[in-house]
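J.: I'll drop the sequence and a predicted model, then ask my questions.
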Amino acid sequence: MKLSRVAVHSVVLGGGAVLLATFAWLEVHAFLASASRPNEPDAGMVDPLIMLALLVIGLALVAFSVVSIVRSRRNRS
């Protein structure tokens, strides 16, 4: 079974968007936890390497998908 390019682009773009949304949610959660508990400086903190990985992989997936879509549209015309 061969997948269409649209399906592959949709999955890659969606996966990148989910990773970026997870990154944003964790950042907001950490900010709200630290604001509600000022005496605990590490309240709600997530490992910085995990946050960096979510950001980099998410941005890479979205960028790859967008570039691939633009290239495929240019090749058609």
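T.: All right, it came through fine. Numbering: from 1, shown residues only.
J.: Quick check: closest non-adjacent residue to Leu32.
T.: Nearest residue to Leu32 in three dimensions, chain neighbours excluded: Gly44, at 7.1 Å (CB to CB, 6 or more residues apart in numbering). C-beta here means a position set from N, CA and C on the backbone, and glycine is covered the same way.
J.: And what about the one you found, helix, strand or coil?
T.: Using DSSP: H, G, I helix; E, B strand; the rest coil, the structure places Gly44 in coil.
J.: Give the buried residues for the helix or strand containing Phe64.
T.: Using DSSP states H and E, Phe64 sits in helix 48-76. For helix 48-76, the neighbour count (16 or more other CB atoms under 10 Å) marks Met51, Leu54, Leu55, Gly58, Leu61, Val62, Ser65, Ile69 as buried.
J.: which residues sit in contact with the third one?
T.: Put plainly, it is Leu55. If you count contacts by CB atoms under 8 Å, 6 or more residues apart in numbering, Leu55 has them with Leu20, Phe23.
J.: Would you mind pulling up the elements that the strand or helix carrying Thr22 packs against?
T.: Per DSSP H and E, Thr22 falls inside helix 5-36. Secondary-structure packing of helix 5-36 (3 or more CB pairs under 8 Å, 6 or more residues apart in numbering; DSSP states H and E): helix 48-76.
J.: that older thread, looking at the buried residues of helix 48-76, which gets the smallest pLDDT?
T.: pLDDT across the buried residues of helix 48-76 is lowest for Ile69, at 84.
J.: That one and Leu49, how far apart?
T.: 30 Å (CB to CB, to the nearest Å).
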